[in-house]
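>>> okay, sequence plus prediction incoming.
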Amino acid sequence: MGAYTSFAQSKHDTIPLNLESKDKEKEFYIVDLQNDTLRIELEGVWLLPKIHFEDERARKEYLLTRRRVHKVYPYAVLAAERLSVVNNLLETLPNKRSRKVYLRRAQKFMEEEFADTLKSFTRSEGRILFKLIYRQTGYTVFELIKEYRSGWNAFWYNTAASMYDLTMKQKYDPIENKEDYYIEDILQNAFVENILIEQEAQVPIDLQKIYLKWEK
């Protein structure tokens with residue numbers, strides 16, 4: 001079965017799923033069909049197919065990636081939430097000095113909140129975290145540092161970036177990057193299964209294009 005297909009299903013045969021829709025007039029349902037997960041809009045079906053791995057090594061790598069994604073995604077969500085708060089408050093401050101003071105306090109707060117946890121992440125977890133931060137904020141860690149150098153610069157250099165020796169320009173592209181495709185598939189299944197709470201991505205996520213590309 002292809003990544004996206006038509007499927008006739010009456011409403012009373014479906015299982016309701018509490019998903020937030022951008023279009024309030026649409027309703028979503030979840031159906032388990034031959035162990036595949038379906039996200040259904042009333043006018044069509046989105047199928048998240050099982051990935052077929054080329055070998056056992058690839059399957060094990062996917063499972064490791066799933067564990068890492070489940071662990072670090074909440075921190076990417078937290079980073080996005082904190083960034084939103086910082087941006088909203090900065091807009092209310094009257095001058096450069098007050099913004100500098102606020103960013104210094106924000107940096108201290110972030111360090112106290114989850115710096116120790118970030119330092120405990122492995123290199124692989126850190127790499128995925130950087131990708132997911134880009135997914136959830138629309139900024140690479142490098143761009144966050146550049147934009148908020150008074151607050152985020154010291155925070156990232158003192159925690160994640162310096163610990164993992166990673167490129168801070170890490171982006172997220174599940175259409176072109178196979179690891180990112182795995183990550184997106186893991187996220188979508190985790191959202192459907194209520195393992196992770198979905199936060200809207202700040203970069204375009206075209207599920208149809210992603211699955212059609214890789215299922216070929």
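Thanks, I have it.
>>> tell me which residues touch Val77, please.
136, 197, 199 (Cβ atoms under 8 Å, 6 or more residues apart in numbering). (Glycine included, C-beta is placed from N, CA and C.)
>>> quickly find the element holding the first one.
Secondary-structure element containing Gln136, defined by DSSP states H and E: helix 123-137.
>>> following element in sequence after that helix, please.
Toward the C-terminal end, the helix or strand that comes next after helix 123-137 (DSSP H and E) is helix 141-147.
>>> that next one - contacts with which helices or strands?
helix 123-137, helix 152-158, helix 160-164 (3 or more Cβ pairs under 8 Å, 6 or more residues apart in numbering; DSSP states H and E).
>>> mind splitting this protein into its structural domains?
Domain assignment of the chain by automatic domain parsing yields the ranges 11-48, 53-216.
>>> so of these, which one's packed in deepest?
Mean neighbours per residue, mean count of other Cβ atoms under 10 Å, is largest over the domains of the chain for domain 53-216, with a mean of 16.
>>> SS state for Gln188?
Look at Gln188: counting by DSSP: H, G, I helix; E, B strand; the rest coil, its state is helix.
>>> mind putting the domains of the chain in TSV, mean pLDDT included?
Converted to TSV, the domains of the chain look like this (pLDDT from 0 to 100):
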stretch	mean pLDDT
domain 11-48	44
domain 53-216	84
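>>> beyond the lengthiest helix in the chain, next helix or strand please.
In the chain, assigned by DSSP state H, the helix with the most residues is helix 56-90. Toward the C-terminus, helix 56-90 is succeeded by helix 96-119 as the next helix or strand (DSSP H and E).
>>> and that following helix, what does it pack against?
By 3+ Cβ pairs under 8 Å, 6+ apart, helix 96-119 packs against helix 56-90, helix 152-158, helix 160-164.
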